[in-house]
Structures are given as structure tokens and as C-alpha cells.
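Visitor: Here's a sequence, model it:
(chains A and B)
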2 protein chains.
Amino acid sequence: MVSYISVLILSFLSLIFTLDTFGQEAKTVFIDAHKLTLVGKVHHKGTFFHRLDTLANPNLPKAVKVLATHAAGLAIAFQTTSSKIAAKWCTGAGIPTDNMTGIAFEGMDLYIKRNDRWQYAGVARPKSHTCNEAEIVANMPAGNKTCLLFLPTYDETISLQIGIDSGTTIDPVSNPFKKTIVVYGSSIVQGASASRPGLSYPARLSRETKLNFVNLGFSGSAKMEIEVANLLSDLSMDALILDCVPNPSPEEVLARTASFVTTIRKKHPKIPIIAIQSIAREKGNFDTQVASRVLQKNNYFETEIKKLQQHDRNLYLIYADGLLGNDQEGTADGIHPNDLGFDRMLHKIRPMILKIFRRYGI
Amino acid sequence: MVSYISVLILSFLSLIFTLDTFGQEAKTVFIDAHKLTLVGKVHHKGTFFHRLDTLANPNLPKAVKVLATHAAGLAIAFQTTSSKIAAKWCTGAGIPTDNMTGIAFEGMDLYIKRNDRWQYAGVARPKSHTCNEAEIVANMPAGNKTCLLFLPTYDETISLQIGIDSGTTIDPVSNPFKKTIVVYGSSIVQGASASRPGLSYPARLSRETKLNFVNLGFSGSAKMEIEVANLLSDLSMDALILDCVPNPSPEEVLARTASFVTTIRKKHPKIPIIAIQSIAREKGNFDTQVASRVLQKNNYFETEIKKLQQHDRNLYLIYADGLLGNDQEGTADGIHPNDLGFDRMLHKIRPMILKIFRRYGI
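Guide: Coordinates of the predicted model:
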């Protein structure tokens, strides 16, 4: 008797659920992101939402292989006539670190092109640490809109469907960003502590310059290992930015910088390589050990880059001074720039980078 | 036999733990924050870490009473000769929302005065959602340091002990901030989405101007109720900033603004009251309903304030334009400023506020 009632209740609940699902799907239809345009990858080998094909690079350091599964800097580009955009997505089960928002860690943000400029349109808020559904923007005026949805910065994106009004269209578009500029670096490149995915500094550079800045930031793990140098050597790219002083020890900076750069240079004899010193660690404002360690790394890096520059006129160095401003308010935790710190970084490095690129027709 | 061995093992573990604890306590000693200087409160009635004495104000809206238990804008001031500063603290069991970092929500950040300026020194990272212990800064040079530790923004602070090197001193200091400027407003005043507590905009204003900006930001709940007007009327203050357009409906803005201001004005006939329109909601860049709702609220607010200004020459209005800049990158979620948005707000409102204050000798 009990199990008969249970079956009845279950059937009834199932019916309600089905009707509800049908009701909802009549209003919003979902399309798999695989059918749209994936932007921000250096090549399209391997798993769709992974930054690198880690299976093809078995010798990479383990941490780098894991971090390469995070979709930092990747975005889905499409056009749609819908008045509303929603998303269903699943990520790994990672939990935001104390210096990041959930939106940056495992959520998404949407930009729409207007007046030839990418403008913020909405966020996909994560309610759980695995699978989520969210409305990103609604009540938009009629007409075709070109969209760019930035994927989660610090967790693996496992699946993504984009929702639109039923009866409207959604289509892939050509990649809005030209050339390939690889940015290799630490958590700061990957996107900590930007408040949402689209505010990581390579993503801002892409939108602001219309060039394709590829995010190869590996949180805590940008240590200039030879296996990573080999990987970067094999990539097809027009320029390379090295923001990789924060993670290695001073001794590693001294030991690895020259061989790292020369390994890549062999396969890319003429591209501009722009090396950036580490931002000041505000944690070192009063902690003298932290301050002297960062200073030592930056000094070693400068020495090594300058030695290489004697025989390499396509190698550039950007100094640390002023990268975060001078009021010590540009970080979330003394280590990672907040959005204010990133803005100040860009004010300094963007014109320097673009000036260099102009010499190369980039 | 088994339980005899268990007891032996437990006794042994207990002994190790005790020794370890003793070893640690020989290096770091903790002092209760109650013995130091609490900064940022409008008066010192009620529970130490609560912003208001909610028991004395039983008629306040329930949400406001709960939010008044959050220590947003409160800080502990002290001086110490220690080379290291640590903390043990307990908060309520709240979990960070998707638009905030854990550090802002339930962590702390420390500033130290150097060259007559408050400089960032370190963060107390929360490892759990209740009780935590963390080292904030270490390896500082010798000498007396004047410190300011900002408390968690979005959770109740239940207890706090500050740790220093054993054999060094820690003492209260006089309040470094003069006068009392009450800032009444929404989550934006309370501190979402600053990346850490000290980056909420009232806290930045206090450090930058040496005036005491009191944070009465009530997330989602700054709706200009008459009970709140009565509460504000009873406070002793030198100026009042009203940043309370974001939360009420357009109809509530229209219905409540005049009575809210006139109620407070009766008890404070000559203080400057500075009313600020709502920041643009970047969520409304493409969502036409959001955009028109914010516009309507700002229009109603302007109309009401202008009517009052005809008979009140100490009432000022700051317009919304340019509060977040013009690139739409100044929010974490289309609603709450990120640190870049707050910085832009301050660039606009700080000189306007200080110019007004000079007329009043503030």
C-alpha cells in the first residue's frame, strides 16, 4: 500500500515536473555552446572548454595541466535576436578562494557590442558549486546583438548551454579578435582577484584592442619550467607577454629566465617578447622579508632579460614601478590586484604594448 | 585492551597538543579587542561590535536590525611594538554572496600609519565561516606602529582577539578620526563589492580625510522608513550623507524622501545633508526596464530634494552622472561597484563633499 502511494506521488510529481519543464522550454530554448564560436584559445585541439590540450602535452607540470582545464579568458561569441539571454552550465566542484568572488570563480559575464565597443550586459550568478541555471540579461530591445560570454576563471567548465527566447535566432560569428598574443603568467594573469571573468587583464586587453590576448595564466604555477617553454615554442603566435616573475623563487628566476626565453626564441625568431617585472606585493609594505624577496626576483629578472637583450632586439622589458599606483589600495589581499589595481596596470602597460606592436604591424 | 590503548593514545595526543599550544602561546599572545579602541561607531551604546544598539530601537525594520549587527566600517585602533600581528575571531555563520570575496564578507584588513598616511599592511583570511585564526603581517621592523584593523563587512563579529609577539606591547590609541559624518545607504555603502573591508567607500573616506565617516549601509534595506528617520534624528552628528536611492521603489522614493529629510532636519537644523542619486545600474545597459526604473528613481529623488532645497540651504544634491566612469567596467555584477567603481565614485564625490564641509568648518 505504502509503495503504491509512493508510486502515485512520484508519478504525480514527475507529471508536474515535466509540465513545468515543458512550460519553461516553451519560453526559453537552449543551444549548446559547442555550436557557437569559442574565442580566446590558442588552438582548437583537445577538450573544447580547456585552454590547452593537456593530453598532447603529458610532460607539463601536474599543476599546469590541472589549471589548463580552467576556462580563464575563454569566451563564447554569438549573435542573437533574443530579448533575453540565459545559461545552464556545469563546472567542477571547486569552491571560491577567500580572495575571489563566486562570479569570477565559477560564474560568467556577458558583453554586447554597441557603437563598436564591448559593453557589459549581465552576469550569470552561480547558486551552487557544480551545475547552475541563470538569466543573464532580459528586456533588451529588438534587433540582432553580437555577444561575448566570458567563461568561469578558476574552475573547469564542463558544459554550457545558452538560452534565448523561443522563436528567435542564435548563430556563431567570426572571431572578433585578430592575431594571437599569448600571455604567460601567474594567478594575476589567470584572473585573481578580478571581480568577474571579463575583468581579468588579458580579457580587458582583448576587448579594448580587438587583438586576441590568450590567457595562459596558471595560478601559483608559472615557474618557467622547460616543459612549458617547449609548449609555448610549439604555439602559433604573433607576440608573447611574460608576466611570470610572481611564482618562481628568486633562485628559479635567476636559473630559468635565460633558458626559458631562448628556448621559445629558437622557434619564434622575430616575434616581440615582452617581459614584465612582478607587481609590487603590497603584502611587503611592512613585511620586510616579502618586500626584499620581490625586489630580488625583479632584480634577477631585469639582469637576465638585459643580458638577453644584448643579442635580441625583439625582447622588451616593462618595469614594475607604478603598475598598481602608489596608494597601496590596488590589491584584494596584498598579492592579487583588484579591479582598481588591474585598471592601473592597464593604464601603464597597454600603451607600451601597443607601441611595441605597431613596430611589428600587429 | 582496545580502550586501554585508546586512552593511552589519547593521553599522548593530548600531551603533544598541550605542549604545542604552550609552544605557540610563548611566541604569540592575544589580547581582547574590547581593551583597545573601537572606531567607526556613531555612539558606544549596545553590543560592542554592533553598529547600532538595536535593543534601544525596537521599531526599526527587522532587516535593518539584523544588518546593524554587521561590523561594516568598524575598526580596532591600537599601537604595538610587535613585529607580527595576528587575530583570532569568530563571526556569524553567514556564507559569502556570489559578488563578494570571503575576505570582505567575514575577513579583516589591517592598515598601519606611515608618513601620516594609512597604508595597507595585511589581511586576516577566513578559513571557515565561523571561527578563524590568521597571521595578518609579520617581519615588521622594530618600533611602535599605529594600527587600524577593519572588521568583517557582511557578517556579525562575535569575538576578536589580536595577537602580538610575547614581550611586546599593545595599547589603545585615541580615535584617529575627527567629527561624525553619518553615511546612510544601501549595500553599496555597507561595502559590497569592495574586495576587502577597508575598501568600502566610507572607510576609504575616513582614512583619506581623517574624518569619521560612520557606515550605516544596510544591504537591500535602505528604504527611508520613518523609524530609520527617527533613529538618525537622535544621533549626534556633524553631517549626513544620504546614498539611499538604490533600494526603495520609485514610488517609495517619491513618497518618502521629503518626510525622511524633514524629520531629520527638525533635530539637526543646520548640519549639511548631502543627498546622492543612485549610481547607474550597469545591469541597465541593455535591460531597458532596469535602466528606466533607475532613471525614474533618480528623477523623483531630484524633484523631491529640489523642492526641499527651496527652504533648506543646507541640503545638497550630487548627481549620478560619472559616478562609475563611462566604460561600464566599474561593477562586480551590474549592481555593486567593484574597487574600480568605488575609486571613480570617490574621485567625483570626495572633492564635492569636502568643499561643502569647509563651509561648515568640518
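Visitor: Where do the helices of chain A begin and end?
Guide: Assigned by DSSP state H, chain A shows helices spanning A:2-27, A:62-67, A:102-106, A:187-190, A:201-209, A:226-234, A:250-267, A:288-309, A:339-359.
Visitor: For the fourth one, give me every contacting residue.
Guide: If I follow you right, that is helix A:187-190. If you take C-beta atoms under 8 Å, 6 or more residues apart in numbering or on different chains as the criterion, helix A:187-190 is touched by A:67, A:70, A:72, A:153-154, A:183, A:200-202, A:215-220, A:222, A:243, A:246, A:279, A:336-337. Any C-beta I mention is one placed from the backbone N, CA and C, and that applies to glycine too.
Visitor: Flag every buried residue along it.
Guide: By 16 or more other C-beta atoms under 10 Å in any protein chain shown, the buried positions in helix A:187-190 come out as A:187, A:188, A:189, A:190.
Visitor: got a list of what residue A:266 touches?
Guide: With C-beta under 8 Å, 6+ apart, residue A:266 has these contacts: residue A:233.
Visitor: ok, now how distant is it from residue B:293?
Guide: Distance, residue A:266 to residue B:293, by C-beta to C-beta, to the nearest Å: 59 Å.
Visitor: repeat for residue A:182
Guide: To residue B:293, residue A:182 is 43 Å away according to C-beta to C-beta.
Visitor: Of those two, which one has the most company?
Guide: A count of neighbours by other C-beta atoms under 10 Å in any protein chain shown puts residue A:182 above the other of residue A:182 and residue B:293, at 24 against 16.
Visitor: domains of chain A?
Guide: According to automatic domain parsing, chain A is divided into the following domains: A:30-172, A:178-359.
Visitor: Now residue A:141. Nearest residue, chain neighbours left out?
Guide: Nearest residue to residue A:141, sequence neighbours excluded (C-beta to C-beta, 6 or more residues apart in numbering or on different chains): residue B:288, at 6.1 Å.
Visitor: would you list the buried residues of helix A:187-190 in CSV and tack on pLDDT?
Guide: What follows is these, written out as CSV (pLDDT from 0 to 100):
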residue, pLDDT
A:187, 98
A:188, 98
A:189, 98
A:190, 98
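Visitor: hmm, back to that, quick one: contacts for the residue nearest to residue A:141?
Guide: Residue B:288 sits in contact with A:139, A:140, A:141, where contact means C-beta under 8 Å, 6+ apart.
Visitor: and of these, the nearest to residue A:80?
Guide: Among these, residue A:140 lies closest to residue A:80 (C-beta to C-beta), at 9.4 Å.
Visitor: how far away is residue A:80 from chain B?
Guide: For residue A:80, the distance to chain B equals 12 Å [C-beta to the nearest C-beta, to the nearest Å].
Visitor: Which residues are in contact with that residue?
Guide: The contact partners of residue A:80, by C-beta under 8 Å, 6+ apart, come to A:144, A:145, A:147, A:164, A:168, A:169, A:170, A:171.
Visitor: what pairs with it across the strands?
Guide: Residues in a beta bridge with residue A:80, per DSSP bridges, are residue A:145, residue A:170.
Visitor: can you pull the pLDDT of it?
Guide: pLDDT, residue A:80: 98.
Visitor: what's the answer for residue A:55, then?
Guide: According to the prediction, residue A:55 has pLDDT 86.
Visitor: Check residue A:15 too.
Guide: With respect to pLDDT, residue A:15 has a value of 36.
Visitor: Check residue A:239 too.
Guide: 98.
Visitor: And it, how close does it get to residue A:228?
Guide: 17 Å.
Visitor: What of residue A:335?
Guide: Residue A:335 is 22 Å from residue A:228, where distance means C-beta to C-beta.
Visitor: give me the residue from the stretch 151-300 of chain A nearest chain B.
Guide: Proximity of the stretch 151-300 of chain A to chain B (C-beta to the nearest C-beta) peaks at residue A:195, 3.7 Å away.
Visitor: so who does that residue touch?
Guide: Contact partners of residue A:195, counting by C-beta under 8 Å, 6+ apart, are A:101, A:103-104, A:338-339, B:99, B:193, B:195, B:331-333, B:338-339.
Visitor: Please apply the same query to residue A:218.
Guide: Residues in contact with residue A:218 (C-beta under 8 Å, 6+ apart) are A:63, A:64, A:67, A:68, A:185, A:186, A:190.
Visitor: Most neighbours among those residues, which one?
Guide: Tallying neighbours with other C-beta under 10 Å puts residue A:190 at the head of the contacts of residue A:218, with 27 neighbours.
Visitor: if I look at it, how far off is residue A:353?
Guide: Taken as C-beta to C-beta, the span from residue A:190 to residue A:353 is 19 Å.
Visitor: what do you get for residue A:55?
Guide: 32 Å.
Visitor: These two: which has the busier surroundings?
Guide: Between residue A:55 and residue A:353, residue A:353 has the larger neighbour count (other C-beta under 10 Å), namely 24 against 11.
Visitor: Just the pLDDT at the more buried one, thanks.
Guide: With respect to pLDDT, residue A:353 has a value of 98.
Visitor: if I look at the residue nearest to residue A:141, how far off is residue B:334?
Guide: Here residue B:288 is placed at a distance of 14 Å from residue B:334 (C-beta to C-beta).
Visitor: Ok, residue A:321 next?
Guide: Going from residue A:321 to residue B:334 by C-beta to C-beta gives 34 Å.
Visitor: Compare neighbour counts for those two and give me the winner.
Guide: Ranked by neighbour count (other C-beta under 10 Å), residue A:321 and residue B:334 place residue B:334 first, with 25 against 11.
Visitor: what's the nearest residue to that one if we skip its chain neighbours?
Guide: Distances taken as C-beta to C-beta, 6+ apart put residue B:283 closest to residue B:334, at 3.3 Å, once the chain neighbours are dropped.
Visitor: Kindly report the same for residue A:158.
Guide: Residue A:158 sits nearest to residue A:90 (C-beta to C-beta, 6+ apart), 4.3 Å away.
Visitor: For the one you found, which residues are in contact?
Guide: Residues in contact with residue A:90 (C-beta under 8 Å, 6+ apart) are A:130, A:131, A:132, A:157, A:158, A:159, A:160.
Visitor: tally of neighbours for the closest residue to residue A:132 other than its chain neighbours?
Guide: Closest residue in space to residue A:132, ignoring its immediate chain neighbours: residue A:126 at 5.0 Å, by C-beta to C-beta, 6+ apart. When neighbours are counted by other C-beta under 10 Å, residue A:126 registers 23.
Visitor: My guess is residue A:126 contacts residue A:101. True?
Guide: No - at 9.7 Å, residue A:126 and residue A:101 do not qualify as touching, with contact defined as C-beta atoms under 8 Å.
Visitor: which residues do the two both contact?
Guide: A:107, B:98.
Visitor: sorry, back to before: export the contacts of residue A:195 to TSV and tack on pLDDT?
Guide: Output for the contacts of residue A:195, formatted as TSV (pLDDT from 0 to 100):
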residue	pLDDT
A:101	98
A:103	98
A:104	98
A:338	98
A:339	98
B:99	98
B:193	97
B:195	98
B:331	98
B:332	98
B:333	98
B:338	98
B:339	98
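Visitor: Quick one: buried ones out of the residues you listed?
Guide: Buried members of the contacts of residue A:195, scored by 16+ other C-beta under 10 Å, are A:101, A:103-104, A:338-339, B:99, B:193, B:195, B:331-333, B:338-339.
Visitor: Next one: residue A:213 from residue B:349, what distance?
Guide: 34 Å.
Visitor: Those two - which one has more neighbours?
Guide: Between residue A:213 and residue B:349, counting by other C-beta under 10 Å, residue A:213 is the more crowded of the two (27 against 18).
Visitor: where does the more buried one land on pLDDT?
Guide: 98.
Visitor: Give the closest residue to it in space, chain neighbours not counted.
Guide: Spatial nearest neighbour of residue A:213, excluding adjacent residues (C-beta to C-beta, 6+ apart): residue A:202 at 4.0 Å.
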